[in-house]
Every structure is written in C-alpha cells, then in structure tokens.
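Asker: Sequence and computational prediction follow.
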Amino acid sequence: MHQPTRGRTRSRKPRNDHTNARARAVRASGSIICAGLLLVACATSGSSAPATFPHTPAPASAVEMSKSTFVTRASALCTANSDQLGDAAHKAFGNQRPTTQTWRPFMLDVALPIVETRLRGLDALPAPADDRAKLSAITHAGRAAITAAKHSPQLLTPASRAPFDHYDQLVAAFGIPACSVGG
C-alpha cells in the first residue's frame, strides 16, 4: 500500500492486532521506566518539578558502593540540585538582593521542595554499610530543618543559614559540602 506524503511515496505495511498490542506494551514499559528515571533525575537534572512520593530510603539489600563513590555521586547530585536552586533564585530575584518578605515565600514554595528532592536523591543512593547511620542522621537533620522552616518561617532570612546549620555541618563533616543548603 502506497500513500503519498508531501510529494513522496512511502510503503506502509498494515499492522495486525498482535503487532499493535506488542508495540503498545513496549511503549507502556518504556513510559514506566522513563517515569522512574524521571523521579531519580529530578534530583539530579535540574527539573523544577519536585517528586511527590513519600520518604523511602534505599533498602539495606541494595548494592552498596564505596564511600568515595558515594561521595562522588552525592556531590554530583547535590551540585545539580544546587544549580536548580540557583536557577530558581535567579528567576525569582534576578540580580536583586531578596528582602525577607520575598525570601520567605520563595523558600517555602520553591526552595524547600527542591531541597526535599535532594534528600530523596541522597536516600536513593546505596550507602556504604559503615556510613548508613551517618547518612540517616544527615537526611534526618535536613528533614528536621525543612519542618522547622515550614513551622517557623521567621527562621528564613536571606542573611541566615538557619534552620540548616546542623544539616550543613553534618554534610561537611561527611565530605559532601556540595550538599549544604546554607552555604
């Protein structure tokens, strides 16, 4: 069967129902895989859409990596996430210094969801067995800071690292200063 297409002819074979069903199944499988990759990529690609699934740490049975590999991957994840934060801040404030009145809504509505994505990304990395407790303390401190910020937005000022001080100290001590939020 030949159908003209913009001055050209193209041969098309009719597909049977089995071929169509198989093609749909392959596309659906690809969509599911892409959705899973998108959730992981949100933490690393600079996507502004935060994932909305609950906190789910990587299972202990996950293939673990060495501390140096973990630090390298966590640093890459956090650098991409920090770039996302920087892009969002530049979009919101341009080259102007934010005021407390503009900073708080930005932090609550834009920055904290991006930081939550960072924490989910850290949880998703297979942690070295000897460092699981330290990494759990890091993500716990990050989530506690987010909760404190949401409950007490007056803590959020452009000149302060609060409430992320403890979290920032923990990531620096672990060797992933790229994951700090306050600077």
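Answerer: The structure has been received and is ready for your questions. Keep in mind the model is a prediction, meaning the values are calculated, not measured.
Asker: for the chain, what spans make up the strands?
Answerer: When assigned using DSSP state E, the strands of the chain occupy the ranges 2-5, 8-11.
Asker: Show me where the chain has its helices.
Answerer: 17-42, 67-93, 100-106, 112-124, 132-151, 165-174 (DSSP state H).
Asker: who does the longest one touch, helix- and strand-wise?
Answerer: Meaning helix 67-93. Here helix 67-93 touches helix 100-106, helix 112-124, going by 3 or more C-beta pairs under 8 Å, 6 or more residues apart in numbering; DSSP states H and E. Just so you know, the C-beta spots here come from the backbone N, C-alpha and C atoms, and that holds for glycine as well.
Asker: quick one, domains of the protein?
Answerer: 2-42, 67-179 (automatic domain parsing).
Asker: how about a markdown table for the ones you listed, with mean neighbour count and mean pLDDT added?
Answerer: Shown next, in a markdown table, are the domains of the chain (neighbours: other C-beta atoms under 10 Å; pLDDT from 0 to 100):
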| stretch | mean neighbour count | mean pLDDT |
| --- | --- | --- |
| domain 2-42 | 10 | 41 |
| domain 67-179 | 17 | 96 |
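Asker: Serialize the helices and strands packed on helix 67-93 to CSV and add fields for distance to Pro158.
Answerer: Below are those laid out as CSV (distance: least, C-beta to C-beta, whole Å):
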stretch, distance to Pro158
helix 100-106, 5
helix 112-124, 15
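Asker: Minimum distance to Val71: which of these has it?
Answerer: Nearest to Val71 among the helices and strands packed on helix 67-93 is helix 112-124; the distance by C-beta to C-beta comes to 11.3 Å.
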